[in-house]
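Enquirer: Quick one: sequence plus predicted model below, questions after.
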Amino acid sequence: MSFRFSLICLVVLLATHLPVCGQTPEPRETPAATNPRQVVNAETTSDEQVQFDAAKAADESGSASKAVSKYRRFIKKNPASPLAVQAQYRIAELYESLGEPAKAFEAYQKLVTQYPDTPNFEKAIGRQVLIANEFLGGKKTKFLGLEVVPGSERAEEMFASIIKNAPYSKNAAVAQFNLALSYERQGKLKEAAAAYQKVLDNYPNSSIADDALYQIGYIYMRVGDSGKSEDLTSLITSKNTFEDFLLQHPKNEKAAQARENLKKMSEKESSDIFDIAKFYDRSKNYRAAAIYYNDVIRRSPGTEYAKLAKERVQELRSEAGDDALRTGPERAETGEKASLRRRLQAQVETSALADFNGPPRRDIVPDEVPVDNKPKLRTGSRDVAPMPSIEPALPNP
């Protein structure tokens, strides 16, 4: 009996939930929050107007929290109403008045993503930039009433979302610059340099392109000042960037600082080279020491390091002589090499005489020249023999 009763219940359950054959089931209503872009109706119904007016009345009475609740309830019931756009914008403004910048940012975010045709699009993006700037300035976000997330990290998220939503907004260049600044303040120097470069690449005509170029030079200078030998290329990049900055923006307010930065880097570079010269000097490798001393003189003329380098080079010439400091082909030949060179020259001149009856000139090799036993180089495909095939191993008996 119990089995039959269970079977009957199952049949009734299926009959009440399955659609009739040939009948299309009614689609479920999509919640407003999951709809990426609301399609706003052209007209407002009387019922929508009544609900909106009730929220507006609470707003005008000064009850901001109550107004936010009513506006949100209105949007939930009427997501496609033209009044929903106004309600969403007003929610963001009310959150700002309540001292809830993070919630205000998210409300503006919902406005520009779900209602991108709103006439307040640029204004909303501008408010988002201002809110993100607050966090970039040190403001912390709250969770359960406690400040938990550092402002720079939250600002990074905000600026990234602004650029994603409005890459061609009039505030996009500012958002990109401040995104780079948020990276820089967190110590993410590589990401910061790349983000500043995007300002130059994507918004080259913006009013902050010159500031972005300066910051790139400054970041590479910071990396180079870390004292690591592998960061020498960063100093070179920094110098090149500051030189480009001065060439392109000579009257910029940061031009004086750029010149000062170049001067400091030049002094640091001279100091490092001078230390290398002193190392070779102490090791009595006077030729190498002279090379680096002269490099200091060439790179930083008129500096204290150049003056000390000149004095030491003169001392080395007096102590070791000019021949010990010469490098390359200018260095004097040893007696043995000079003798060999003269004999070779004499043999070549003798073989060039009209009545010379000896071996061909190409076969004249003095005894002092070592015999070249190196194998002949293979310069073409015909010089290389084909590789033999590898025979399989014989089976074990």
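Expert: Thanks, I have it. If you're wondering where the values come from, they're calculated on a predicted model, not measured in any experiment. Residues are numbered from 1 along each chain as shown.
Enquirer: Can you tell me the SS state at Phe52?
Expert: Phe52 carries the three-state label helix when classified by DSSP: H, G, I helix; E, B strand; the rest coil.
Enquirer: residues touching it, list them.
Expert: If a contact means Cβ atoms under 8 Å, 6 or more residues apart in numbering, then Phe52 has Thr44, Phe74, Ser81, Leu83, Gln86, Ala87 as its contacts. Placement of C-beta: from N, CA and C, glycine included.
Enquirer: which among those residues gets closest to Asp201?
Expert: Of all the contacts of Phe52, Asp201 sits closest to Gln86, with 37.3 Å by Cβ to Cβ.
Enquirer: so who does that closest one touch?
Expert: By Cβ under 8 Å, 6+ apart, Gln86 lies in contact with Phe52.
Enquirer: Shouldn't it be within a strand?
Expert: No - membership of Gln86 in a strand is not supported by three-state DSSP, which gives helix.
Enquirer: about what we covered before: buried ones among the contacts of Phe52?
Expert: Phe74, Ser81, Leu83, Gln86, Ala87 (16 or more other Cβ atoms under 10 Å).
Enquirer: wouldn't the second one be in contact with Asp47 here?
Expert: It refers to Ser81. No - with contacts counted by Cβ atoms under 8 Å, Ser81 stays clear of Asp47, the gap being 9.7 Å.
Enquirer: Quick check: the gap between Leu235 and Gln257.
Expert: 17 Å (Cβ to Cβ, to the nearest Å).
Enquirer: Which residues outside stretch 173-188 are in contact with it?
Expert: Counting by Cβ under 8 Å, 6+ apart, the neighbours of stretch 173-188 from elsewhere in the structure are 129, 132-133, 136, 150, 152-153, 155-156, 159-160, 162-163, 166, 169, 189, 191-193, 195-196, 198-199, 202-203, 206-209, 211-212, 215, 219.
Enquirer: So Ala80, which state does it fall into?
Expert: Classification of Ala80 using three-state DSSP returns coil.
Enquirer: Then Pro119?
Expert: Secondary structure of Pro119, per three-state DSSP, is coil.
Enquirer: can you count the residues close to it?
Expert: Applying the criterion other Cβ atoms under 10 Å, we find 10 residues in the vicinity of Pro119.
Enquirer: Check Lys278 too.
Expert: Per other Cβ under 10 Å, the neighbour tally for Lys278 reads 16.
Enquirer: what's near enough to touch it?
Expert: Counting by Cβ under 8 Å, 6+ apart, Lys278 makes contact with Ala289.
Enquirer: Shouldn't it be within a helix?
Expert: Yes - according to three-state DSSP, the state of Lys278 is that of a helix.
Enquirer: For it, give its distance to Asn285.
Expert: With Cβ to Cβ as the criterion, Lys278 and Asn285 are 11 Å apart.
Enquirer: Spit out the residues that contact the two alike.
Expert: Among the neighbours of Lys278, none is also in contact with Asn285 (Cβ under 8 Å, 6+ apart).
Enquirer: Model confidence score at Ala193, please.
Expert: According to the prediction, Ala193 has pLDDT 96.
Enquirer: The residue nearest to it when sequence neighbours are not counted: neighbouring residues, count only.
Expert: If you skip the residues right next to it in sequence, Ala193 has Ile219 as its closest partner in space, 4.9 Å away by Cβ to Cβ, 6 or more residues apart in numbering. Using other Cβ under 10 Å, Ile219 has 23 other residues around it.
Enquirer: Can I take it that Ile219 is in a helix?
Expert: Yes - note on Ile219: a helix contains this position according to three-state DSSP.
Enquirer: what sits against it?
Expert: Glu184, Leu189, Ala192, Ala193, Tyr196, Ser238.
Enquirer: what's near enough to touch the fifth one?
Expert: The one in question is Tyr196. Applying Cβ under 8 Å, 6+ apart, one finds that Tyr196 lies in contact with Phe177, Ala180, Ala212, Leu213, Gln215, Ile216, Ile219.
Enquirer: let's see 10 Å
Expert: When the contact criterion is Cβ atoms under 10 Å, 6 or more residues apart in numbering, the partners of Tyr196 are 176-177, 179-181, 183-184, 208-209, 211-219.
Enquirer: Now it: which helix or strand?
Expert: With the criterion set as DSSP states H and E, the secondary-structure element containing Tyr196 is helix 189-202.
Enquirer: what's downstream of whichever helix or strand Lys164 is part of, the next helix or strand?
Expert: Counting by DSSP H and E, the element that carries Lys164 is helix 151-165. Along the chain past helix 151-165, the next helix or strand (assigned with DSSP H and E) turns out to be helix 172-185.
Enquirer: returning to what we had before: how much does the helix holding Lys164 deviate in direction from helix 172-185?
Expert: Direction vectors for helix 151-165 and helix 172-185, defined by axes from the mean of the first three to the mean of the last three Cα atoms, to 10 degrees, enclose an angle of 150 degrees.
Enquirer: Buried residues of helix 151-165, list them for me.
Expert: Taking 16+ other Cβ under 10 Å as the neighbour-count basis, helix 151-165 is seen to contain the buried residues 151-152, 154-163, 165.
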